[in-house]
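> missing the sequence, but the structure's below:
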């Protein structure tokens, strides 16, 4: 299992996440897809860290995980607030700006 | 002390006007008018103090309102100037004004908004006092405009009467046109001498600092200043507002057209007479000649129009125009103190005549047509006798006031060899006698032709009449004594003095006046007025010309309707097509188009934003890769 396999896997995961963000309508699924993209990037960091033999990449992953946790907390809070107002989690229904 | 009194005189009427305006309770109470009357009586008292004080009360007190630079003479100053000239004018405004204010107490009694009337009346007096006491051109211009504004308020006092409102607008607009000339003149004077202050300008002119070209400019500037005086003093062609201003209450007509507003123009020219005699009187220039001929035309044209008027107040209005013409003639002849003397006597007897007319109108229940009067001699004896005194003074019968002042003007014209003007002035004297005795016969003699029940006016109205009548009899002598009429000594140093009665001129003018009386007696003393009708039928063309006031109003109407409206239409087309559709419309259209396009980017759909975001990141990535590869 070379670094090439790992980076390819990260790319596949990232693309899946991106497609999820673009194609799904459920805000919760979109958030999950964003997490998938973040973790794909984290995987790429770890792969390169192992390949180069130092810890820089792994440290960066810790940062990424911390930021992701904060981001999920805020994101989910927003979703709950939105649900209380609009009674929906469908992104297409949330078009207040247009009106 | 004198300075304080002068400031108090100026501020008191303003205080009365302000108090009456902001305190509705006082305005509606019967005390309100008395506040205004009190402020004018104060002016009468202080004017007497100043006059009695002689030289000891001459004072100039200034207050710098705005200081633009450290250099002197570059700020805006407000000040009061008490000198022989303003003392004389204060006497006129104070005493004639007081008589008119007292008369107004009776005349306006029962008017629902009498408080509003007296507030405006006091404001008007304040504006006039500002002109009288001002020390510089800027201040006089401010009060000049205030007189215009307050005259607008007073002429249009009967706000529910459309003709009165129109007359107010006409007076204001006519004055504004003339004031534009005045403003230009003031700026030219400032440009030449670097000062607005009368004393400094006089010193600059007298010192001969102005070279040849500057003297020409000074003539033009004095002409422009005179244009301002033509507006206020209602000289042809700015005279059209004055007859219409009769729409205001009669006390307003009396104050405005005898003692204050129309006198302001003449007073202002006398105040700055040094501008009209450049280089110490050596070079006359063309401005004085223009002034004299304007006065001559106004005098004789207005006198002829007065011959055919039916409204008693209109007769007096045209008579005022005619007498102002006399004063302006005197100004043009360089006889400034004589113009001031005629202004003084005229203020008393014309104020008297207007108040008599007011008394007649009041007694006949607001009938103003003289052909619906007649025989009032028995029913209103006090008004009859005082009117008679005023008429004799106006027509210049010795020893009444008008005789002395008018005779001096004729003398002055004679001394300056202005034969044409002297002829016009003498003819005007005859016409004056004709139209005044016509009004006198029609109003007071014969049988009563109206349908009301005429009655004498109350004491508060007749007492001012008696006072003014007494003054009209005696004041003419004052001009021959320096201590009674200090203006003569004050101005006489530089201007022409004519202190003697020229017997031949006096006899000729008196003869012409008696001829006027005789013609009126022959025509208007018949009980049925058939001769008046016959005269009218005999000269239909002349009658039409006079009845239509030489078509001045029609000409101005044509000017406004055809010329001014034509220009306005062109301006409007330019504005609508070029400015609105072009300069404004094109940028608006472009902005709208851009906004309409870019609006679609803000669709409000989350997925669309995500696509744009991903697309943007991809483009950025490819760009970085391309740059990195190089």
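Okay, I see it. Every value quoted in this text rests on a predicted model; they were computed, and no experiment measured them.
> In chain A, what residue spans correspond to helices?
Secondary structure of chain A (DSSP state H): helices at A:3-23, A:27-52, A:56-86.
> do the same with the stretch 501-630 of chain B
Using DSSP state H, counting those that start in this stretch, the helices of the stretch 501-630 of chain B run over B:503-524, B:530-538, B:540-547, B:552-558, B:565-574, B:585-599, B:606-629.
> and residue B:214, how many residues sit next to it?
Residue B:214 has 17 neighbouring residues, counting by other Cβ atoms under 10 Å in any protein chain shown. The way it works is simple: take the backbone N, C-alpha and C, and place the C-beta from them, glycine included.
> what do you get for the one 4 residues further on?
Under the neighbour criterion other Cβ under 10 Å, residue B:218 is assigned a count of 27.
> where in chain A is pLDDT low?
In the predicted model, chain A carries pLDDT under 70 at residues A:97-99.
> ok so, going back, with respect to chain A, which of the helices of the stretch 501-630 of chain B lies nearest?
Chain A lies closest to helix B:606-629 among the helices of the stretch 501-630 of chain B, at 4.1 Å (Cβ to the nearest Cβ).
> List, one by one, the residues from chain B near chain A.
B:602, B:603, B:604, B:605, B:606, B:607, B:610, B:611, B:614 (Cβ under 8 Å from any Cβ of the partner chain).
> Columns distance to residue B:529 and mean neighbour count on top of the helices of chain A, output as JSON lines?
Converted to JSON lines, the helices of chain A look like this (distance: least, Cβ to Cβ, whole Å; neighbours: other Cβ atoms under 10 Å in any protein chain shown):
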{"stretch": "helix A:3-23", "distance to residue B:529": "106", "mean neighbour count": "15"}
{"stretch": "helix A:27-52", "distance to residue B:529": "103", "mean neighbour count": "18"}
{"stretch": "helix A:56-86", "distance to residue B:529": "94", "mean neighbour count": "12"}
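> Of those, which is nearest residue B:339?
helix A:56-86 (86.5 Å; Cβ to Cβ).
> and that closest one, how far out from the chain's middle?
Chain-centre distance of helix A:56-86: 9 Å, with Cα atoms, centre = their mean, to the nearest Å.
> That helix near chain B anywhere?
No - using Cβ under 8 Å from any Cβ, helix A:56-86 stays clear of chain B, coming no nearer than 11.1 Å.
> From the contact counts, what lies against that helix?
Using 3 or more Cβ pairs under 8 Å, 6 or more residues apart in numbering or on different chains; DSSP states H and E as the contact test, the elements touching helix A:56-86 are helix A:27-52.
> helices or strands up against the helix it packs on?
Using 3+ Cβ pairs under 8 Å, 6+ apart, helix A:27-52 is in contact with helix A:3-23, helix A:56-86.
> Could you export the ones you listed to a markdown table, including columns for distance to residue B:46?
Below are the helices and strands packed on helix A:27-52 laid out as a markdown table (distance: least, Cβ to Cβ, whole Å):
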| stretch | distance to residue B:46 |
| --- | --- |
| helix A:3-23 | 92 |
| helix A:56-86 | 78 |
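> out of the helices of chain A, which comes closest to residue B:57?
Closest to residue B:57 of those is helix A:56-86 (Cβ to Cβ; 84.4 Å).
> got the angle for that closest one vs helix A:27-52?
Interaxial angle, helix A:56-86 versus helix A:27-52 (axes from the mean of the first three to the mean of the last three Cα atoms, to 10 degrees): 180 degrees.
> Okay, strands next: where are they in chain B?
In chain B, the strands defined using DSSP state E lie at B:59-66, B:76-82.
> do you know how far residue B:23 is from residue B:32?
8 Å (Cβ to Cβ, to the nearest Å).
> neighbour-wise, which of the two wins?
Using other Cβ under 10 Å, the more surrounded residue of residue B:23 and residue B:32 is residue B:32, with 23 against 14.
> Hmm, that one is touching residue B:117, no?
No - contact criterion Cβ atoms under 8 Å: residue B:32 and residue B:117 do not qualify, at 9.6 Å.
> any shared contact partners between those two?
Here residue B:32 and residue B:117 have no joint contacts, going by Cβ atoms under 8 Å, 6 or more residues apart in numbering or on different chains.
> Check which residues of stretch B:362-373 are buried.
B:362, B:363, B:364, B:367, B:368, B:370, B:373 (16 or more other Cβ atoms under 10 Å in any protein chain shown).
> Can you give me the separation between the fourth one and chain A?
As defined by Cβ to the nearest Cβ, to the nearest Å, residue B:367 lies at a distance of 73 Å from chain A.
> Spatially, what comes nearest to that residue if we skip its sequence neighbours?
residue B:450 (5.5 Å; Cβ to Cβ, 6 or more residues apart in numbering or on different chains).
> Could you dump the strands of chain B into CSV and include mean pLDDT and mean neighbour count?
Putting the strands of chain B into CSV (pLDDT from 0 to 100; neighbours: other Cβ atoms under 10 Å in any protein chain shown) gives the following:
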stretch, mean pLDDT, mean neighbour count
strand B:59-66, 82, 14
strand B:76-82, 87, 21
